[in-house]
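[1] give me a model of this one.
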Amino acid sequence: MDFEEVADFLEQQRVVVCATNGPSGWPHLMPLWYTVRDGHVWAWTYAKSQKVRNLERDPRATLQLEAGEQYDQLRGVMIEARTVIHRDTELVSEFARELFSRYRQATGPEFPDLIRAQAAKRVALQFVPERVASWDHRKLAGVY
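    Take a look at the predicted model:
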C-alpha cells in the first residue's frame, strides 16, 4: 500500500494489536482502541498495566492491523515504533475525549467527569513509527 492507502486503512480499522517485549523475553500482545494523531497511532491504557511496564523498560513496540477473511482479501499494516508514554492528566483527558468520540462512547453529561477520573489512572501511548510494512492481497490479481 502507498502512504495514502495506509492512512485510509488506519482510519477504517478499529483495533490495533500492540506487541511489547515482556519481562520473560516473550512477546506480549494486547488489542487496543486507537486514534491517529499527526500520523502517529495513539492509544491509552492503565498506567500500571503490563504493556506500560514493558514499554518503560523498552520503548519498542510493533503494531499490527489487519482485515480480510479470505486469502485473496487479506490486507494489513505493521508498524515498528518507539513509544512515548504521556502521563500529563490534561493531555491524557484530551486524548481520551478524542478516542471515545471515535468509538462513539462519549455520551451523557457525566462523561467529562468520568474521563477526568480515569485519566488519573491512565497514560496515553504515542507510537512514533520507525518502519512501516503493508500488504494488500487484493492487488495480487489471482497470482496467489
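
[2] C-alpha from now on. contacts and neighbour counts both.
    Fine.

[3] what about the longest strand in the protein?
    With secondary structure taken from DSSP state E, the chain has its longest strand at strand 122-136.

[4] return the helix or strand in this structure with minimum mean pLDDT.
    The helix or strand of the chain with the poorest confidence is helix 111-119; it has a mean of 82 (mean pLDDT, DSSP states H and E).

[5] export only the CA atoms of the longest strand of the chain, formatted as PDB.
    Extracted in PDB, the C-alpha atoms of strand 122-136 (Å, rounded to 0.1, in the frame of the first residue of the first chain):
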ATOM      1  CA  ARG A 122      -4.100   6.100  32.700                       C
ATOM      2  CA  VAL A 123      -1.400   7.100  30.200                       C
ATOM      3  CA  ALA A 124      -1.600   7.900  26.600                       C
ATOM      4  CA  LEU A 125       0.700   6.000  24.300                       C
ATOM      5  CA  GLN A 126       2.100   7.700  21.200                       C
ATOM      6  CA  PHE A 127       3.700   5.300  18.800                       C
ATOM      7  CA  VAL A 128       6.300   7.000  16.700                       C
ATOM      8  CA  PRO A 129       6.900   4.900  13.600                       C
ATOM      9  CA  GLU A 130      10.400   3.900  12.600                       C
ATOM     10  CA  ARG A 131       9.300   1.400   9.900                       C
ATOM     11  CA  VAL A 132       6.000   0.600   8.200                       C
ATOM     12  CA  ALA A 133       5.200  -2.500   6.200                       C
ATOM     13  CA  SER A 134       1.900  -3.200   4.500                       C
ATOM     14  CA  TRP A 135       0.300  -5.800   2.300                       C
ATOM     15  CA  ASP A 136      -2.900  -6.000   0.200                       C
END
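
[6] pull the residues that contact that strand.
    When contacts are defined by CA atoms under 8 Å, 6 or more residues apart in numbering, strand 122-136 is touched by residues 1, 6, 40-47, 61, 73-88, 91-92, 95.

[7] select from the residues you listed every entry located in helices.
    Secondary structure from DSSP state H places 6, 91-92, 95 of the contacts of strand 122-136 in helices.

[8] nearest to residue 53 among those?
    Distance to residue 53 across the ones in helices among the contacts of strand 122-136 (CA to CA) is lowest for residue 92, with 17.6 Å.

[9] correct me, but the closest one touches residue 86?
    Yes - judged on CA atoms under 8 Å, residue 92 makes contact with residue 86 at a distance of 7.1 Å.
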